[in-house]
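Starting from these lines, generate the structure:
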Amino acid sequence: MPPVEPVEESVDLLFEGENVLDVAFITGDEKDFEGAVITFDEEALLDLLEGIEGPVTPGTGPILEIPEVGEGGIKVRIPYDGVKAMEAKALTLTINHPLGSHTLPLEALSPETTAMRGFTIEKTYLEIIISEPEADTRLRVGNLLEAAGLEALGDPLDFSAAYSDGEKSYNITGYDRYVERTLIIPEDTDPREIATVVVIGTTGEIRSVPTRIVTTYKNQAAVFKSRSNSVYTLVGHSDGVPGVANHWSKAAVEDLFSRLVITDRETFDPEAHISRGEFARYITRALGLYGYSTGSGTLFTDVRTSDPLFEDIQTAVAYGIIQGYPDGTFRPHELISRQEAMVMYARAMAVVELIPLDNNRIDSYEDRHQVGEWALEGVSEALSVGVFNGTSPTTISPLLTFRHAEAATAIRNLLIKSRLIY
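Numbering: from 1, shown residues only. Down below sits the predicted model:
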């Protein structure tokens with residue numbers, strides 16, 4: 001790939017805490033893109049990475065940070081071989097924008113050989129973009145939020161990525177893991193009003209993603225983790241849930257309500273039993289998983305595409321959290337026992353990469369013999385990290401029917417233990 005001809009100036013990168021010049025350059029404007037275009041020089045990038053010694057594993061590689069450049073959008077272009085070298089070194093890239101940032105491990109962007117068949121590799125770049133959405137998208141997002149009774153706090157940002165050789169393009173719509181992004185919170189925002197970051201789903205439905213608020217020396221930011229590229233925006237806080245005003249689950253339920261996981265504010269009953277379909281909705285919304293409403297249609301004979309829980313069920317099954325039955329049904333209205341719930345939480349732990357700890361914790365419960373053999377591993381894993389707890393210090397009551405309050409509490413525990421929130 002030919003050396004980059006800088007139009008303006010070298011970008012002052014931060015690599016492993018040290019400033020680095022002459023590796024990436026502002027290379028001028030591009031048609032249909034308003035903002036700075038930063039292109040990495042392949043030879044300089046490979047030389048920089050060559051200095052990294054020793055074996056690297058995911059999460060232990062170097063960190064490369066690109067600063068804010070100007071007021072508009074930012075497009076970062078990395079040559080194909082540079083991407084492969086970054087991936088081999090387990091590099092994590094952070095791209096900063098005046099309104100937010102995007103941090104992602106390069107392994108998550110490994111090119112799919114089949115999807116890129118026919119590309120001219122020596123002309124192929126990975127392009128990662130952070131920009132403010134077009135006016136029509138901003139209007140659509142605003143209308144959807146207003147219709148849902150939600151208030152936008154600050155401006156939305158569009159996060160996207162693609163491989164392109166100048167003639168063909170392969171859009172990266174999502175990742176096989178969570179990646180971290182931020183939205184800067186406007187200075188005049190009351191912290192008590194902040195609820196969650198949301199994304200608009202494939203059907204136009206508003207979906208929350210796991211969000212936590214951090215304060216730096218410069219500003220406040222909403223840090224959120226998700227698996228998809230799309231338009232994200234921060235929304236304001238909602239009122240409490242009357243049904244838990246004096247209930248032990250109040251903190252967990254109202255937290256999940258503010259995160260748009262629980263939506264039935266007026267009718268929510270913490271002591272009501274939860275169904276398989278309702279659980280699918282809770283877990284997928286809490287983890288920010290969505291996007292499986294289209295394709296070949298329903299997976300089950302008893303779940304229609306018109307069912308309000310259709311996308312949640314399809315998504316929970318796609319991620320391996322809940323399974324259907326051998327007869328082709330899902331049985332969305334069937335209630336869940338506590339041991340069934342613990343198995344589902346154990347599967348969700350795998351999705352968020354939460355590793356089981358002390359699996360001997362189950363031995364402290366006197367009724368552990370009631371746990372079915374098929375559920376024993378999942379129950380042990382869910383108990384091991386404190387995602388799930390007993391009904392008393394000595395009982396886990398595996399055969400009791402699961403309730404909404406218990407579901408909300410365990411889901412919130414899962415989010416906290418996996419550091420997706422707080």
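
Start from the N-terminal end of the stretch 51-200 of the chain and give the strands.
Listed in chain order, the strands of the stretch 51-200 of the chain (DSSP state E, counting those that start in this stretch) span 63-66, 73-79, 92-97, 100-105, 125-131, 157-164, 169-171, 174-185, 194-200.

Give me the angle between the fifth one and strand 100-105.
Calculated by axes from the mean of the first three to the mean of the last three Cα atoms, to 10 degrees, strand 125-131 forms an angle of 150 degrees with strand 100-105.

So which of the strands of the stretch 51-200 of the chain is nearest His247?
His247 lies closest to strand 194-200 among the strands of the stretch 51-200 of the chain, at 20.8 Å (Cβ to Cβ). Heads up, the C-betas are built off the backbone N, CA and C, glycines and all.

Past the closest one, which element shows up next along the chain?
As assigned by DSSP states H and E, the chain's next helix or strand after strand 194-200 is strand 206-209.

can you pull out the helices in the protein?
Secondary structure of the chain (DSSP state H): helices located at 42-50, 80-88, 135-147, 250-258, 276-286, 310-318, 338-351, 376-384, 404-417.

With mean pLDDT, mean neighbour count and distance to Glu16 as extra columns, can I get the strands of the stretch 51-200 of the chain in a markdown table?
A markdown table is the format used below for these (pLDDT from 0 to 100; neighbours: other Cβ atoms under 10 Å; distance: least, Cβ to Cβ, whole Å):
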| stretch | mean pLDDT | mean neighbour count | distance to Glu16 |
| --- | --- | --- | --- |
| strand 63-66 | 95 | 20 | 6 |
| strand 73-79 | 94 | 22 | 18 |
| strand 92-97 | 95 | 22 | 11 |
| strand 100-105 | 94 | 22 | 15 |
| strand 125-131 | 95 | 22 | 20 |
| strand 157-164 | 94 | 20 | 23 |
| strand 169-171 | 91 | 15 | 30 |
| strand 174-185 | 92 | 19 | 19 |
| strand 194-200 | 90 | 24 | 29 |
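
could I get these as TSV with distance to Ser226?
Formatted as TSV, those follow (distance: least, Cβ to Cβ, whole Å):
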stretch	distance to Ser226
strand 63-66	20
strand 73-79	19
strand 92-97	16
strand 100-105	11
strand 125-131	14
strand 157-164	9
strand 169-171	16
strand 174-185	7
strand 194-200	7
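
Go through those and name the closest to Thr391.
That would be strand 194-200 among these, by Cβ to Cβ, at 30.1 Å.

Just checking the distance from that closest one to the centre of its chain.
Computed by Cα atoms, centre = their mean, to the nearest Å, the chain-centroid distance of strand 194-200 equals 12 Å.

try stretch 409-422
Centre-to-centre, stretch 409-422 and its host chain are 13 Å apart (Cα atoms, centre = their mean).

Next: stretch 34-41.
In terms of Cα atoms, centre = their mean, the centre of stretch 34-41 is set 26 Å apart from its chain centre.

what pLDDT, on average, does it get?
Per-residue pLDDT values over stretch 34-41 give a mean of 91.

List the buried residues of it.
When burial is assessed from 16 or more other Cβ atoms under 10 Å, stretch 34-41 yields the following buried residues: 35-41.

hang on, the earlier thing: and of the helices of the chain, who's closest to Thr60?
Among those, helix 80-88 comes nearest to Thr60, with 13.0 Å by Cβ to Cβ.

what sits against Val23?
10-11, 13, 15, 40-41, 44-45, 48 (Cβ atoms under 8 Å, 6 or more residues apart in numbering).

do the same with Arg368
By Cβ under 8 Å, 6+ apart, the residues touching Arg368 are 362, 396.

Ignoring the adjacent residues along the chain, who's closest to His237?
Excluding its sequence neighbours, the residue lying closest to His237 (Cβ to Cβ, 6 or more residues apart in numbering) is Ala195, at 4.4 Å.

what sits against the one you found?
Listed by Cβ under 8 Å, 6+ apart, the contact partners of Ala195 are 234-238, 258-260.

before we move on, the earlier item: just the buried residues of stretch 34-41 now: which is nearest Arg412?
For those, the nearest to Arg412 is Gly35 (38.2 Å; Cβ to Cβ).

so who does that closest one touch?
By Cβ under 8 Å, 6+ apart, the contact list for Gly35 reads 70, 72-75, 131.
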